[in-house]
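S.K.: Let's see this in three dimensions:
(2 chains)
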Amino acid sequence: MKNIFFITLSLFSMGFSAQVGINTGTPVNMLDINGDLGVRRELRTGGSNTVKGTIGESGTILHNNSGLGVNDWKSIKIADGQGSMSVFFMNTVSDKTGAQFSNGNGSVTPYTENATIDNNWVVLPGTQDTYSVTSLSNKIFFTFQTTVQKTANANSSTGFACGIFVDNQLKAVRTDALIGTDGAYKIFNLNATLSNVPQKNNYVVKVACTKRNLNGGTLGIGRVVNDTYLNIDMSQSVLTTSVMQPY
Amino acid sequence: MKKIVSILCISVGLSIPAQVGIKTNEPKSTLDVNGDINLRGKLSVLNTVDNVLSEGANDQVLVSQGTGYPPIWKTLRIPEYEPNKFYLIFNNSFSDRTGVTFTSNEVSTNGTSRSTSFMKNAAYSSLNRFKKIPGLSQNFTVYSTQSKTYFQFETVVQASFPVNDNPDISIDYACGIFVDDQLVNLRQRNIKASNAASTFITHNQIGMAANLTKGQHSVSVACSRLRSFNTTATMGIGINVEDNINSFISQSSLKVDVYEVPQVFNTILN
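M.R.: Here you go, the predicted structure:
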């Protein structure tokens, strides 16, 4: 009993008129407990001198509504089926800088998964983004779209490839060719899915492109090379990254 | 009792050291209340990260942080459901590097009756020489009678063409998205030889199905060779047929999103 107080509310109806501290001499709340709190029966919120506070319906959760002066009890439900795979992260970034290629043909050797980025690839700077994976079970979905345009090369085809690099390793790539006269352009799409990648904070994703057979002329990817037909808003690139995980 | 009297006498800056029991003489915590407590104001808890007492932001709930730590106010990562609005309930994404190939003998008889064969809800079994891309046959579940299911499919189509000639060398093909082996969406396209051999193209397709029945459904993507023009070349869909590209480049991706107006709700607690 030396250090323990025994307060019997049933014997004395005690009303403290000021702030009370337990284990503190400088209470900052009406009751300031510098330690843990044990409650053996209901926790009531609200109420007045004449009415008891509410204990909430069974299953409701103690909740803070900043518009109320007291905590309330809230029923929180989730739709049937939600949570099998849920979007934990989604972001879209865009780029108007793009990449430009000329001066001879590039390699046409097929690209391999997890190849490290090298100086044959030009990063579209605005497409860089970061995402984190917190579950062993996950899907990462990338959607990339850009516009490519070429200048005259005697109407030969102009080949290129764009790939998605995660932590500087190639994770998905598509190759394509542009046919037509000076100023010809087309839309390039790349959709890819990665499954169950290792858990990690701050994966860095970016899109980089490389030239293949240019057959002369200049190629712009996400970039205008003949402004008769395009401007930088029309030619911009967009990358959307979604991380899906179960709850 | 003397000490209690002294508590009553102090009106400002009251401090009680050590453990306090209310209706118990053996308190097990700093304040142990053997009964209910009533909180007319807000519950503040110490946020140990920034050492600040917090009564929580709007709409936060109290969450345990385990032994030795105060509980913390946290925001729930689930939507507030409003009636008659669609929410993303199921989403998943699949990929495949096996693909399907077609020799010049594997031409579908549907190629001569396209507008009558490729009707919505046509049975997969009624179509001729449609091959399913193996890794894209998957199951998904619908939980509401009011739903929209969205499919986004991308693949690479390649043919073992030589350099183009006169008349043009090309192949007509089609890819269909099937739900429960019934056609919901089909796109047909032509791959034409270019002035480089071993032509390949990227194929994009978006489809949707509304108000599927509640329960599990299957989705699959199946493709077919509809007609050949001046060629006996082999065609691959989702797989390379020449080594100027590889199966990593030609892989297929299928994203499935189900948006629903929720009708059944579950508790978030165990």
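S.K.: immediately after the lowest-mean-pLDDT helix or strand in chain A, which helix or strand?
M.R.: In chain A, the helix or strand scored least confidently by mean pLDDT, DSSP states H and E is strand A:5-7, which has a mean of 45. Heading C-terminal from strand A:5-7, the first helix or strand you meet, by DSSP states H and E, is strand A:20-22.
S.K.: got a list of contacts for whatever helix or strand comes next after that next one?
M.R.: Remark: after strand A:20-22, the chain's next helix or strand is strand A:31-33, criterion DSSP H and E. With contact meaning C-beta atoms under 8 Å, 6 or more residues apart in numbering or on different chains, strand A:31-33 is reached by A:19-24, B:30-31. The way it works is simple: take the backbone N, C-alpha and C, and place the C-beta from them, glycine included.
S.K.: For those, work out which two are farthest apart.
M.R.: A:Gln19 and B:Thr30 (16.1 Å; C-beta to C-beta).
S.K.: thinking again about what came up before, which one (most neighbours) among the contacts of strand A:31-33?
M.R.: B:Leu31 (24 neighbours; other C-beta atoms under 10 Å in any protein chain shown).
S.K.: Next, the contact list for that one, please.
M.R.: Taking C-beta under 8 Å, 6+ apart as the test, what B:Leu31 contacts is A:22, A:33, A:35-38, B:19-20, B:22.
S.K.: So in terms of bridging, what pairs with it?
M.R.: Beta bridges link B:Leu31 to A:Leu37, B:Val20 when assigned by DSSP bridges.
S.K.: B:Ile245 versus that one, what's the distance?
M.R.: For B:Leu31, the distance to B:Ile245 equals 71 Å [C-beta to C-beta, to the nearest Å].
S.K.: Export the contacts of strand A:31-33 to JSON lines and append columns for distance to B:His217 and pLDDT.
M.R.: Output for these, formatted as JSON lines (distance: C-beta to C-beta, whole Å; pLDDT from 0 to 100):
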{"residue": "A:Gln19", "distance to B:His217": "61", "pLDDT": "85"}
{"residue": "A:Val20", "distance to B:His217": "61", "pLDDT": "87"}
{"residue": "A:Gly21", "distance to B:His217": "61", "pLDDT": "88"}
{"residue": "A:Ile22", "distance to B:His217": "59", "pLDDT": "89"}
{"residue": "A:Asn23", "distance to B:His217": "60", "pLDDT": "88"}
{"residue": "A:Thr24", "distance to B:His217": "60", "pLDDT": "87"}
{"residue": "B:Thr30", "distance to B:His217": "56", "pLDDT": "90"}
{"residue": "B:Leu31", "distance to B:His217": "55", "pLDDT": "91"}
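S.K.: how far is the longest strand seen in chain B from where the chain is centred?
M.R.: Determined from DSSP state E, the single longest strand within chain B is strand B:215-229. Put simply, strand B:215-229 sits 21 Å off its chain's centre (C-alpha atoms, centre = their mean, to the nearest Å).
S.K.: now do stretch A:37-53
M.R.: 41 Å.
S.K.: State which one residue of chain A is found closest to chain B.
M.R.: A:Gly35 (2.6 Å; C-beta to the nearest C-beta).
S.K.: What sits closest to that residue if chain neighbours are left out?
M.R.: B:Thr30 (2.6 Å; C-beta to C-beta, 6 or more residues apart in numbering or on different chains).
S.K.: Was I right to think that neighbour contacts B:Gln19?
M.R.: Yes: taking contacts as C-beta atoms under 8 Å, B:Thr30 lies within contact range of B:Gln19: 5.7 Å.
S.K.: Now do the shared contacts for the two.
M.R.: What both B:Thr30 and B:Gln19 touch, as defined by C-beta under 8 Å, 6+ apart, is the set A:Gly35.
S.K.: From B:Phe153, how far out is the residue most central in space within chain A?
M.R.: By C-alpha atoms, centre = their mean, chain A has its centre lying nearest to A:Phe89, at 3.2 Å. Separation of A:Phe89 from B:Phe153 (C-beta to C-beta) stands at 23 Å.
S.K.: What of B:Lys28?
M.R.: On the measure of C-beta to C-beta, B:Lys28 and B:Phe153 end up 61 Å apart.
S.K.: Over to A:Val133?
M.R.: 24 Å.
S.K.: Double-check that B:Val163 belongs to a helix.
M.R.: No: secondary structure of B:Val163 (DSSP: H, G, I helix; E, B strand; the rest coil): coil, not part of a helix.
S.K.: Verify the contact between it and B:Ser198 for me.
M.R.: No: B:Val163 lies out of contact with B:Ser198 (C-beta under 8 Å); the separation is 9.6 Å.
S.K.: So between the two, which is more surrounded?
M.R.: B:Ser198 (19 against 12).
S.K.: Tell me which residues touch the more buried one, please.
M.R.: Contacts of B:Ser198 by C-beta under 8 Å, 6+ apart are B:158-161, B:241-242, B:244.
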